[in-house]
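1. Let me see the structure of the following:
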Amino acid sequence: MVQTLHPTILAIESSCDETSASVIRSGKVLNNVIASQEVHHKHGGVVPELASRAHQQNILRVVNEAMDQSGIKKNELNAIAFTRGPGLMGSLLVGVSFAKGMALALDIPMIEVNHMEAHVLAHFISEPKPQFPFLCLTVSGGHTQIVLVKSFLELKVLGQTQDDAVGEAFDKAAKMMGLPYPGGPLIDNYAKLGNASAFKFSQTSMPDLDFSFSGIKTAFLYFLRDKKKEDENFVEKNLNDICASLQRHLVQMLLQKLKLAAQQTGIKEIAIAGGVAANSGLRNALTDLAKELNWKIFIPEFQYCTDNAAMIAMAAHYKFLEGKFCGMDVAPVPNLEVGY
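-> Below you'll find the model as predicted:
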């Protein structure tokens, strides 16, 4: 194995429904190739079996495209990185198996990466970059966490959802309103045209820095049921206001806990990451709160919010520098936790 402080790494991301590959050299991401899976739209959500099949169809093309774009030859690679978890078992297996085969053929080491930790380290792909320690609110379809980031490889979850993630709450609420999948971005778009104070929704109470969104989904279901009894066209007539009110409610729940975490730790370097970090309501509300509390905030580019291999590559870069490689006996862990 070549020991270098300027490694060239191919990274593969296949945790859910996007196949992605990226090449990083000397800590600089050279590209970020993503193949999305349209097959899930007609089913109203991700179908695990279809996702794994689509990864098998896409992964060779995506990896070849990433290598071609970078101008890097396979024999110049120092390691292959991949997402070990969390994610869908079938999807993870495709990425892990491909990485094993390629690493074995090239006789280079492998680097396993935690998907959620990679979301946090996406902040180091481009400027500006946060200073340690900082807090990161990681929000996606599967996770909602407040993470204390002490260094590139030392992360600790301070609080997290005890049931559903906020991204799931967005998507399920959208489905209840008859919006196509994925519904979260559509709610964001409609919310820009609505009155965020039009409707009120109940809060859930969780101890410390934990979250709960399961009750919100149920309450929203009953809200729509009762309103439709009065007017069967209620959703169509009030779509913008419903979306704006719901989005504001969910964003407030997130920022209340983030504000508490900042108070408890005394940290003013605040970041957000994950697919829901692309939500304009969250971005705008965080910006306003940062001005009020004198926070220095960090919001990644849109392409680095959703699942992507560039963030896997960045995490792998720092693991390479510390010599943290894995063996051929590595297996996917669908419920892999931050810090493990």
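
2. Buried residues, the helix or strand containing residue 292. List them.
-> Using DSSP states H and E, residue 292 maps to helix 280-293. For helix 280-293, a neighbour-count test (16 or more other C-beta atoms under 10 Å) marks 281-283, 285-286, 289-290 as buried. The way it works is simple: take the backbone N, C-alpha and C, and place the C-beta from them, glycine included.

3. Over to stretch 259-274?
-> Applying 16+ other C-beta under 10 Å to stretch 259-274 flags 261-262, 267, 269-274 as buried.

4. What about residue 215, how many residues nearby?
-> Applying other C-beta atoms under 10 Å, we find 17 other residues in the vicinity of residue 215.

5. Assumed it was part of a helix.
-> Yes: assessed with DSSP: H, G, I helix; E, B strand; the rest coil, residue 215 lies in a helix.

6. separation between it and residue 160?
-> According to C-beta to C-beta, to the nearest Å, residue 215 stands 16 Å off from residue 160.

7. Ok, residue 121 next?
-> 18 Å.

8. Spell out the residue ranges of the strands in the protein.
-> Ranges of strands in the chain, per DSSP state E, are 8-13, 18-25, 28-29, 33-36, 79-85, 110-114, 134-139, 144-151, 154-160, 269-273, 296-298.

9. closest to residue 316 out of the ones you listed?
-> Closest to residue 316 of the strands of the chain, according to C-beta to C-beta: strand 79-85, at 3.3 Å.

10. relative to strand 8-13, how tilted is the closest one?
-> Relative orientation of strand 79-85 versus strand 8-13 (axes from the mean of the first three to the mean of the last three C-alpha atoms, to 10 degrees): 20 degrees.

11. From here on, call the first residue 556.
-> Got it, the first residue is 556 from now on, which makes the last one we talked about strand 634-640.

12. List the pairing partners of strand 634-640 within its sheet, with orientation.
-> strand 563-568 (parallel), strand 665-669 (parallel) (DSSP bridges).

13. Buried deepest among those, which one?
-> strand 563-568 (a mean of 28; mean count of other C-beta atoms under 10 Å).

14. Not counting that strand itself, show me its contacts.
-> 574-581, 614, 618, 621-622, 627, 631-638, 650, 653-654, 657, 666, 668, 670, 673, 862-868, 871-872, 875 (C-beta atoms under 8 Å, 6 or more residues apart in numbering).

15. So for stretch 689-700, mean pLDDT?
-> When pLDDT is averaged along stretch 689-700, the result is 93.
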